[in-house]
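1. Need coordinates for the following:
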Amino acid sequence: MVEKDLITALYCRLSSDDDLQGESNSIINQKAMLQSYAESNGFGNIRFYVDDGYSGTNFNRPDFVRMIDDVKEGKIGVVITKDLSRFGRDYLMTGQYIEMILPDYNVRYIAVNDGVDTSRTDNEMMVFKNVFNDWYARDTSKKIKAVINAKGQSGKPLTVNPPFGYRKSATDKNVWEVDENAAPVVRRIFQLCIEGLGPTQIAKLLTQEKVTTPRSYSVAVRGTSRWSSEKNPEKWSQRTVAAILSRPEYAGHTVNFRSFTKSYKCKKRVFNDRDDWQIFENTHEAIVSQEDFDLVQEIRKNKRRKRTKYDEISPFSGMVYCADCGKRLYLARTTADNRDYEHLKCSTYACEGGCSTHYIRVSVLKEIVLNELRKICNTVRKREDDFLKIAAENNEQKHGEELKVAKKKLAQTDNRIVELDKLFMRLYEDNVSGKISDERFKILSESYENEQRELKKLSEELNSVIQQTEQRTANAEQFVKIVRKYTEISELTPEIMHEFIEKIVVHEPEKVDGKRTQRIEIFYRFNVAVGSETVSGRKKKQRD
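-> Numbers count the residues shown, from 1 in each chain. Have a look, this model is predicted:
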């Protein structure tokens, strides 16, 4: 008998999977059934503990935890559930609670439909029922994973909530529409990054301007969210900005299989390598152009955003390299408060002394780069059609034969792969019919498989070569598109640098006819041109 002042805990649980089975497992049905059972069997001081929407494999359910806490405090005398599966679907944890923890606190357990009552000794079948409940959870998990995998492979988004800047279509939840209230914030974040600001600086700026964060915006717009409300809804973090800048979704692509769970019992998410993501291109309207997204990824490769003493971001930050050791040149100043003394020098030489003194003044490098950019932009503006024609002709002349050979070899390779599939099928049939022995079949099949494996690898390499070669013509068109954006380049900004130039290589100074000379190589983006400039001047002038 249970003491009258102790609580009779009526525990109810429902997960989304259980809900699919109909009203028999609904919370209302469980409550009515348990209350009727308790009253008809003389159990008083009834209290309900309810977890709605929680899996039975998870024992960190809010009301379950609260009930166990009450058990440990000696407040509960009996726990009653509709059946064993309501208590839990992990046979190890369920058995531990029912057979060890509850008895240790003198708490009686009853599962009404399964006929389990720990005050009796005839509960031998309880172990097997717990195992079957666990098996049911495992089987359901496998089916759900299969459905999710099929959905993900079809290109439909797997995320529950679209990223900040998008919303689900009212007619189809698998279609994303641009949220015009949030999208301008995303565009501005990308533009600020192109202009040279890093995630930390962008976050500070958005916080100063009191822009609502994605989490707070989600709570305000949707009414509910997987997140709780923030104490400061306008406090942006560097992590939030960096996450936005790295998402291909903003260029109009769907990304699936970013993460996975190890098992149906362990809900902790493990992130896949980027190579294991599946990206489906152009599935929804883009918020930023593909060109701007790619440019930001190039900029983000160098995460340092060093400001000068004058609170400006150097346009050369992370883009100037040493010709000998390949390391970046970093921005340095003398103690004199004069901008003419800003210079770039080799980081290897400064830290380790293992390289020569590659050094160039920022003002000199700015002048060189500005002159080169103005020169090539003026040429492209005046003779745009000729530029595209020459680029196409050069591409055809330089890579036409290479492209032709690659395509021919690719066709031969793909045909041989198909032929090997047919040969393997014929070989298998001959083995089954007894025309060739198992040993001979093994030798030949391994030979075919090895050949096919090598051919598939070669096919991937040839496809890559063909795509890169064909991309060069498109690169010239993209370069022209960027030139059109700037009527006149009066100042060298981080945005202009990253849009036009991939990197700058600085060589060691040399003396030619008693004069200090230094070779500077400018590598333009899009593989359309490579320029170089020789800087000459008196040694004294360089020191100035």
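
2. alpha carbons only for contacts and neighbour counts from here, please
-> Fine.

3. In contact with the residue nearest the centre of the chain, which residues are there?
-> Nearest to the geometric centre of the chain sits Arg258, at 5.8 Å (Cα atoms, centre = their mean). Neighbouring residues of Arg258 by Cα atoms under 8 Å, 6 or more residues apart in numbering: Phe271, Asn272, Asp273, Arg274, Asp276, Trp277.

4. Can you say which of those residues are buried?
-> The neighbour-count criterion (16 or more other Cα atoms under 10 Å) marks none of the contacts of Arg258 as buried.

5. so can I have JSON lines of those showing distance to Asp324?
-> Formatted as JSON lines, those follow (distance: Cα to Cα, whole Å):
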{"residue": "Phe271", "distance to Asp324": "38"}
{"residue": "Asn272", "distance to Asp324": "37"}
{"residue": "Asp273", "distance to Asp324": "33"}
{"residue": "Arg274", "distance to Asp324": "32"}
{"residue": "Asp276", "distance to Asp324": "36"}
{"residue": "Trp277", "distance to Asp324": "37"}
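
6. could I get those as CSV with secondary structure?
-> Conversion of the contacts of Arg258 to CSV gives the following (DSSP: H, G, I helix; E, B strand; the rest coil):
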residue, secondary structure
Phe271, strand
Asn272, coil
Asp273, coil
Arg274, helix
Asp276, helix
Trp277, coil
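
7. So which of the residues you listed is the closest to Val364?
-> Within those, proximity to Val364 (Cα to Cα) peaks at Arg274, which comes in at 40.4 Å.

8. Just the pLDDT for Arg538.
-> The model reports Arg538 with a pLDDT of 33.

9. I meant to write Lys75 there.
-> Note on Lys75: pLDDT of 94.

10. Dihedrals phi and psi, it?
-> Main-chain torsions, Lys75, degrees, to the nearest 10: phi -90, psi -20.

11. Settle this for me: it is touching Thr8, isn't it.
-> No. Counting by Cα atoms under 8 Å, Lys75 stays clear of Thr8, with 9.2 Å between them.

12. Comparing those two, which residue is more hemmed in?
-> The residue with more neighbours, out of Lys75 and Thr8, is Thr8; 24 against 18, by other Cα atoms under 10 Å.

13. Kindly export stretch 316-329 (C-alpha atoms) in CSV.
-> What follows is stretch 316-329, C-alpha atoms only, in CSV (Å, rounded to 0.1, in the frame of the first residue of the first chain):
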residue,chain,number,x,y,z
PHE,A,316,46.9,45.2,-49.4
SER,A,317,46.0,43.3,-46.3
GLY,A,318,46.7,39.6,-46.9
MET,A,319,47.2,40.1,-50.7
VAL,A,320,51.0,40.8,-51.0
TYR,A,321,53.4,37.9,-51.0
CYS,A,322,57.1,37.3,-51.0
ALA,A,323,58.5,35.9,-54.2
ASP,A,324,61.1,33.8,-52.5
CYS,A,325,59.5,32.2,-49.4
GLY,A,326,55.8,32.6,-50.5
LYS,A,327,54.7,34.1,-47.2
ARG,A,328,52.6,37.2,-46.8
LEU,A,329,54.1,40.7,-46.4
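
14. Give me the contacts around that stretch.
-> Against stretch 316-329 from outside (Cα under 8 Å, 6+ apart): 302, 304-306, 330-331, 344-348, 355, 358, 494, 497, 502-508.

15. buried ones in it?
-> Of all the residues in stretch 316-329, those buried under the rule 16+ other Cα under 10 Å are Phe316, Ser317, Gly318, Met319, Val320, Tyr321, Cys322, Ala323, Lys327, Arg328, Leu329.

16. and those residues, which of them are in strands?
-> Counting by DSSP state E, the buried residues of stretch 316-329 place Val320, Tyr321, Cys322, Leu329 in strands.

17. Please name the bridge partners of the third one.
-> So the one you mean is Cys322. When bridges are called by DSSP bridges, Cys322 pairs up with Val506.
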